[in-house]
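J.: The following comprises the amino acid sequence and a computationally predicted model.
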Amino acid sequence: MMPVLRERSLLLTGHLDKLLRSSKYFVPPAEAARNVRQEPGFTILTPKDPESRGAQLSLLFLPNGAGHMQKVFKYLVEHGVIGDERNPDVIRLAPAPLYNTITDCEAAAKFIDEGLASLSQ
């Protein structure tokens with residue numbers, strides 16, 4: 001049973017990773033490390049290699065210390081996305097292989113984009 005769950009976990013987390021990296025708000029880690037971004041965005045702290053990251057993705061919201069993570073987290077909760085906030089700027093998302101679907105991953109990525117877009121309004 002465990003190999004099947006791990007395979008599904010890899011599929012879901014990989015799909016979410018792909019969706020997030022295609023977001024217009026995604027900042028590649030090397031660029032985020034320079035800490036020069038002024039507009040809202042995020043990078044993924046978790047290793048890209050599926051064998052190195054486990055089942056979760058840690059998203060660092062930029063610019064650091066701007067309070068964007070808290071607003072996006074609130075937006076996610078209001079839209080039924082369950083994550084884990086790590087103050088000051090990180091949200092962890094972990095698609096659960098027994099409960100979540102590809103559609104859930106797509107919704108999470110969509111709501112992250114919408115939450116970031118709402119910061120500019």
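T.: Arrived safely, thanks for sending. Numbers count the residues shown, from 1 in each chain.

J.: Which pLDDT does the model give the residue most central in space within the chain?
T.: With distances taken as C-alpha atoms, centre = their mean, Leu59 lies nearest the centre of the chain, 4.7 Å away. At Leu59, the model reports a pLDDT of 98.

J.: Please apply the same query to the one 4 residues further on.
T.: Per-residue pLDDT puts Pro63 at 91.

J.: quick one: the strands in the protein?
T.: Along the chain, counting by DSSP state E, strands occupy 41-44, 57-62, 84-86, 90-93.

J.: Just the residues contacting stretch 114-121, thanks.
T.: For stretch 114-121, contacts defined as C-beta atoms under 8 Å, 6 or more residues apart in numbering pick out 25, 39-42, 68, 71-72, 75-76, 79. C-beta coordinates here come from the backbone N, C-alpha and C atoms, glycine included.

J.: Okay, now the unreliable bits of this structure?
T.: Within the chain, the set of residues satisfying pLDDT under 70 comprises 121.
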